[in-house]
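Peer 1: okay, sequence plus prediction incoming.
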Amino acid sequence: MEDEQTFLDCVSVHAPSLRRFARRLTGNLADAEDVMQDTLMRALEKRGELREPGRLRAWLLAIVRTCWLNSRRGLRSKLEVLCEGQCSGVERGPRGDLEREILDRSLTDDLLQALEGLPREWREALWLREVEDLSYEEIARVLDCPLGTVRSRLARARAAAAACLGKGDIHGMS
């Protein structure tokens, strides 16, 4: 996709998915928008490296993740105060972001809490599979890890989330 406008038109189709994933990674709208800006700039610069145009979405999601990881380099860990085993820094409720509010309403508070309790690597894999509906192969590309690792992370994430929810299986949780 050498033509810049054609490329941007193709990318814009995937913007909602990219924005959701950026929001999931960053945890807030402002940082998600920064990651989106970086992602779009980087994608535009690197568009010549896209080998399989049919896998544009997975390629873009991988860039989102890379931009997010790059934005976190050198940052100090933020202090999280635990009270009775719960992190007090986790916000719930409306944040002035319609997309987030709709997503929050479609996922129960218990499910959101179960997701937040998972290790980051498991949560990313589960989100990409169940919410973004990526194949295992696409998730492996986005997360830059072997296919077996994706399968393992998904199995562990599902089991842990199911245990947290007191259910046997959350496959197809979206």
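Peer 2: Looks like it came in fine. For clarity, every value in this text was computed on a predicted model and none was experimentally measured. Residues are numbered from 1 along each chain as shown.
Peer 1: C-alpha only now, for contacts and for neighbours.
Peer 2: Will do.
Peer 1: any idea how far apart the tips of stretch 140-147 sit?
Peer 2: End-to-end span of stretch 140-147 (C-alpha to C-alpha, to the nearest Å): 5 Å.
Peer 1: and the residue nearest the centre of the chain, what is it in contact with?
Peer 2: For the chain, Phe21 is the residue whose C-alpha lies nearest the centre (C-alpha atoms, centre = their mean; 3.3 Å). Going by C-alpha atoms under 8 Å, 6 or more residues apart in numbering, Phe21 touches Leu61, Val64, Trp127, Leu128.
Peer 1: tell me the one of those residues nearest Leu40?
Peer 2: Proximity to Leu40 was ranked across these by C-alpha to C-alpha; first place goes to Val64, at 8.7 Å.
Peer 1: the closest one is in what secondary structure piece?
Peer 2: helix 56-72 (DSSP states H and E).
Peer 1: what does that helix contact?
Peer 2: 11, 14, 18, 21-22, 25-26, 35-36, 38-39, 42-43, 50, 134, 138-139, 141-144.
Peer 1: quick revisit: tell me which of the contacts of Phe21 is nearest to Ala157?
Peer 2: Ala157 lies nearest to Trp127 out of the contacts of Phe21, by C-alpha to C-alpha, at 10.0 Å.
Peer 1: buried sites along the helix holding Val64?
Peer 2: Residues of helix 56-72 classed as buried: 56-68 (neighbour count, 16 or more other C-alpha atoms under 10 Å).
Peer 1: what's the mean pLDDT across that helix?
Peer 2: Average pLDDT, helix 56-72: 91.
Peer 1: just give the nearest non-adjacent residue to Ala157, would you?
Peer 2: Once flanking residues are discounted, Ala157 sits nearest to Trp122: 5.2 Å by C-alpha to C-alpha, 6 or more residues apart in numbering.
Peer 1: between whichever helix or strand the one you found is part of and helix 56-72, how many degrees?
Peer 2: Per DSSP H and E, Trp122 falls inside helix 120-130. Helix 120-130 and helix 56-72 meet at an angle of 160 degrees, taking axes from the mean of the first three to the mean of the last three C-alpha atoms, to 10 degrees as the criterion.
Peer 1: ok, then the element right after helix 120-130?
Peer 2: Next in sequence after helix 120-130, counting helices and strands by DSSP H and E, comes helix 136-143.
Peer 1: now that next one against helix 120-130, angle please.
Peer 2: Taking the same axes, to 10 degrees, one finds helix 136-143 and helix 120-130 inclined to each other by 140 degrees.
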